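Undergrad: Predicted model and sequence below, questions to follow.
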Amino acid sequence: MDNDKLTKSMNGEVSRKRFLKFAGISAATVASFGIISCDDNLTDVATESNNSNNGTSTSEHDDESINLGSGDVGILNYAYALEQLEAAFYIAVLGSQYSGMSHNERQILADVCNHEVAHRDWFEAAISSVAPDDIIPALTPNFDSVDFSSRESVLATAQALEDTGVSAYNGAGQLIENPDYLLQAGKIVSVEGRHASAIRSMIAESNTAFAGDDIIDDNGLEMTRTPSEVLEIAQDFIVEQLNGSNLPQPE
Amino acid sequence: MSLLKFLSQFEEEILDEEAKETLLNRRDAFGKMTKASKMLAISALPLGFISALSTPARAQSTDEIIDVLNFALTLEHLENEYYIMGIEQSGLIPEGRETDIFNQVQKHEQQHVDFLIDTIDSLGGEPIEKPTFDFTVDGAFDPFNNYGQFLALSQAFEDTGVRAYKGQAPAVQGNAQILTAALQIHSVEARHAAEIRRLRGLKGWITRDNRGEGMPEETQAAYDGENVETQLGIFVPDVTDVNNSAITEAWDEPLTMEEVNNIAGLFITS
């Protein structure tokens, strides 16, 4: 990974300072982990350290509300916000490595991380190409409620994020006008569903948790959430205030 | 949402002539664009978003929607019957976790069958009869005596189901309730697929178009077309540092009705 790409990937997620804060680790330890993306083999630690002043100003949005916008672009921004949150979470998970993380668990979490980062980066590119003036900025995650050293805390948060993500896409489908965007949402939501299934299976609260009765009703239909329901959940993990009041409303 | 509420909402919707007219007018608007104005509009768009113009947004007749629901019902019958036969075959599925998993999956498939039949009925359609299945495909497979094969076909059915529902989402976009229900089934199939893949020792997601270790060659059609790195005209490796294999895992791809029928048709005798 070259210098520019590394800098870009850092700025795309979260400031270094905040990253260290929410990952609960010191600058010294992060230098030895060198985990700033999902990449298992990232070894260019020295280079990363030299760029440590990048992104220190991401708190500028702390006190501003961010309007997701309206119409299809609003829905794309809404999805982009959720993907940013998921990506930042898994980057922090891999950066801090809860105690007792097995090789298999690490592989799953690294895969999920890569998928979420790919989604995030794709949304950024897609929205920038159709509505460059309306794209929301990079958000600042707030993972104060997560204990990244605890398997239980990390996986419970992962489950909440994945289940919420699936219900968000399921609820937003009917709000999308452009059939190509709808298909894109469909291509992504099933992967989120696969994640949710795997994470629930890792927690193994029961043998049927992967598709549990808590999220699937008696018609075999998975839960949906409206944008306002989802934003209420997501807001706890995001520093900036998100405003979804102009988003299309469900019928 | 209860089924009754779902159905009554739908009745209102199909009776709402005003809404219908709006949809038709919108379609006309696309149709009436002159070739020149289309070219002009296209030239202002980045590559890949062009295809948006070729598809009319939200306008399907009730008959078209019923056809899609019957297509889905065929697949649900297939899955449901397959799991029922597997569960009833004593000694096939190991007791404990794996039996619990398949019971849960079968329960959902039965619920999907019932839900789709009710929904088709409510639209005034005729739900298709359950087809006659041959899960051995003329003796090529022996899934009810060979657990490895049972798992392999389960994986193929679930991964196909995900792609099938996905492919039909734009085809039911004109009805918000039907679309939402289809998406709600779609994500359940994805959960099933991931669990069964993981039971087989695979990742829960599809890498490139690999059907995965131990999968019979006959199931490859369920994975063809999954190896995609360009989404809506954006070559994803250009915009992310994530490696290309992981990019292909991060998006599931649709199958057309015809592609799905070709796969399911292997197992349908009449």
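TA: All right, it came through fine.
Undergrad: near chain A at all, the host helix or strand of residue B:193?
TA: Taking DSSP states H and E as the criterion, residue B:193 maps to helix B:176-199. Yes. Using CB under 8 Å from any CB of the partner chain, helix B:176-199 comes into contact with chain A via B:176-177, B:179-181, B:183-195, B:198. All C-beta spots, glycine's among them, are computed from the backbone N, C-alpha and C.
Undergrad: Find the closest residue to chain A in the stretch 1-150 of chain B.
TA: residue B:111 (3.1 Å; CB to the nearest CB).
Undergrad: Just the buried subset of the residues of helix B:176-199 next to chain A, please.
TA: Buried residues within the residues of helix B:176-199 next to chain A, defined by neighbour count using 16 or more other CB atoms under 10 Å in any protein chain shown: B:176-177, B:179-181, B:183-195, B:198.
Undergrad: out of everything not next to it in sequence, what's closest to the spatially most central residue of chain B?
TA: By CA atoms, centre = their mean, chain B has its centre lying nearest to residue B:165, at 2.1 Å. Spatial nearest neighbour of residue B:165, chain neighbours left out: residue B:186 (3.9 Å); criterion: CB to CB, 6 or more residues apart in numbering or on different chains.
Undergrad: now residue B:201, nearest residue through space, not along the chain?
TA: Distances taken as CB to CB, 6+ apart place residue B:213 nearest to residue B:201, at 7.3 Å, with adjacent residues excluded.
Undergrad: That neighbour against residue B:197, yeah?
TA: No. Counting by CB atoms under 8 Å, residue B:213 sits too far from residue B:197 to count as a contact (10.7 Å).
Undergrad: between these two, who's got more neighbours?
TA: Remark: of residue B:213 and residue B:197, residue B:197 carries more neighbours, 24 against 9, as counted by other CB atoms under 10 Å in any protein chain shown.
Undergrad: pretty sure that one is in contact with residue B:155, am I right?
TA: Yes. Using CB under 8 Å, residue B:197 makes contact with residue B:155 at a distance of 5.6 Å.
Undergrad: any common contacting residues for the two?
TA: residue B:212 (CB atoms under 8 Å, 6 or more residues apart in numbering or on different chains).
Undergrad: Residue A:249 belongs to a strand, doesn't it?
TA: No. Under DSSP: H, G, I helix; E, B strand; the rest coil, residue A:249 falls outside any strand and is assigned coil.
Undergrad: ok so, going back, the residue nearest to residue B:201 and chain A, how far apart?
TA: Relative to chain A, residue B:213 is positioned 16 Å away (criterion: CB to the nearest CB, to the nearest Å).
Undergrad: Can you pull the phi/psi pair for that residue?
TA: Phi and psi for residue B:213, reported as degrees, to the nearest 10, are phi -60, psi 140.
Undergrad: list the helices and strands the longest helix seen in chain A packs on?
TA: The helix spanning the most residues in chain A, taking DSSP state H as the definition, is helix A:103-130. In terms of contacts (3 or more CB pairs under 8 Å, 6 or more residues apart in numbering or on different chains; DSSP states H and E), helix A:103-130 is packed against helix A:3-13, helix A:71-96, helix A:179-203, strand B:234-235, helix B:244-250.
Undergrad: which other helices and strands contact the longest one?
TA: Counting by 3+ CB pairs under 8 Å, 6+ apart, the packing neighbours recorded for helix A:71-96 are helix A:3-13, helix A:16-23, helix A:103-130, helix A:151-172, helix A:179-203, helix A:227-235.
Undergrad: Mind jotting down where the helices sit in the stretch 51-200 of chain B?
TA: Taking DSSP state H, counting those that start in this stretch, the helices of the stretch 51-200 of chain B run over residues B:51-54, B:62-88, B:97-122, B:147-168, B:176-199.
Undergrad: any idea which of these is most buried?
TA: Counting by mean count of other CB atoms under 10 Å in any protein chain shown, helix B:176-199 has the highest mean neighbour count of the helices of the stretch 51-200 of chain B, with a mean of 27.
Undergrad: Run the angle between that helix and helix A:103-130 for me.
TA: Relative orientation of helix B:176-199 and helix A:103-130, computed by axes from the mean of the first three to the mean of the last three CA atoms, to 10 degrees: 150 degrees.
Undergrad: for helix B:176-199, the distance to its chain's centre please.
TA: With CA atoms, centre = their mean, to the nearest Å as the basis, helix B:176-199 stands 8 Å off its chain's centre.
Undergrad: I'd like the average pLDDT over it.
TA: In this model, helix B:176-199 has a mean pLDDT of 98.
Undergrad: where in the stretch 101-250 of chain A is pLDDT low?
TA: Judged against pLDDT under 70, the stretch 101-250 of chain A has no low-scoring part.
Undergrad: so what's residue A:251 scoring on pLDDT?
TA: With respect to pLDDT, residue A:251 scores 76.
Undergrad: Oh, that last question was meant for residue B:270, not what I typed.
TA: For residue B:270, pLDDT reads 87.
Undergrad: Around it, how many other residues sit close by?
TA: The burial count assigned to residue B:270 is 7, neighbours taken as other CB under 10 Å.
Undergrad: I'd say it and residue B:132 touch.
TA: Yes. Using CB under 8 Å, residue B:270 makes contact with residue B:132 at a distance of 4.7 Å.
Undergrad: between these two, what contacts are shared?
TA: With CB under 8 Å, 6+ apart, residue B:270 and residue B:132 have no common neighbours.
Undergrad: Would you list the phi and psi of residue A:242?
TA: Phi and psi for residue A:242, reported as degrees, to the nearest 10, are phi -90, psi 140.
Undergrad: hang on, the earlier thing: wait, doesn't the residue of the stretch 1-150 of chain B closest to chain A sit right on residue A:218?
TA: Yes. Counting by CB under 8 Å, residue B:111 touches residue A:218, with 6.6 Å between them.
Undergrad: Touching stretch B:64-77 from outside, list them.
TA: In contact with stretch B:64-77 (CB under 8 Å, 6+ apart) are residues B:109, B:112-113, B:116-117, B:119-120, B:123-128, B:130-131, B:133, B:157, B:160-161, B:164-165, B:168, B:171-172, B:174-175, B:178, B:182, B:185, B:257, B:260-261, B:264, B:268.
Undergrad: so what's residue B:99 closest to, chain neighbours aside?
TA: Leaving out its chain neighbours, the residue that sits closest to residue B:99 by CB to CB, 6+ apart is residue B:93, at 5.2 Å.
Undergrad: Next one: the one you found from residue B:151, what distance?
TA: 9 Å (CB to CB, to the nearest Å).
Undergrad: overlap in contacts of the two?
TA: Here residue B:93 and residue B:151 have no joint contacts, going by CB under 8 Å, 6+ apart.
Undergrad: what's the burial count for the residue nearest to residue B:99?
TA: Applying other CB under 10 Å, we find 20 residues neighbouring residue B:93.
Undergrad: follow-up on the earlier one: could you measure from the residue nearest to residue B:201 over to residue B:233?
TA: Distance of residue B:213 to residue B:233, computed by CB to CB: 34 Å.
Undergrad: again, but for residue A:81
TA: Taking CB to CB, one finds residue A:81 at 22 Å from residue B:233.
Undergrad: do residue A:193 as well
TA: Note on residue A:193: its distance to residue B:233, by CB to CB, is 25 Å.
Undergrad: do residue B:220 as well
TA: Residue B:220 is 27 Å from residue B:233, by CB to CB.
Undergrad: for the residue nearest to the spatial centre of chain A, what are its contacts?
TA: By CA atoms, centre = their mean, chain A has its centre lying nearest to residue A:86, at 1.3 Å. By CB under 8 Å, 6+ apart, the contact list for residue A:86 reads A:116, A:119-120, A:161-162, A:165.
Undergrad: what's the answer for residue B:133, then?
TA: Residue B:133 sits in contact with B:77-78, B:81-82, B:267-269, where contact means CB under 8 Å, 6+ apart.
Undergrad: what bridges to it?
TA: Beta-bridge pairing for residue B:133 (DSSP bridges): residue B:268.
Undergrad: Show the pLDDT at it.
TA: pLDDT for residue B:133: 98.
Undergrad: Show me where chain B dips below the pLDDT cut-off.
TA: B:1-58.
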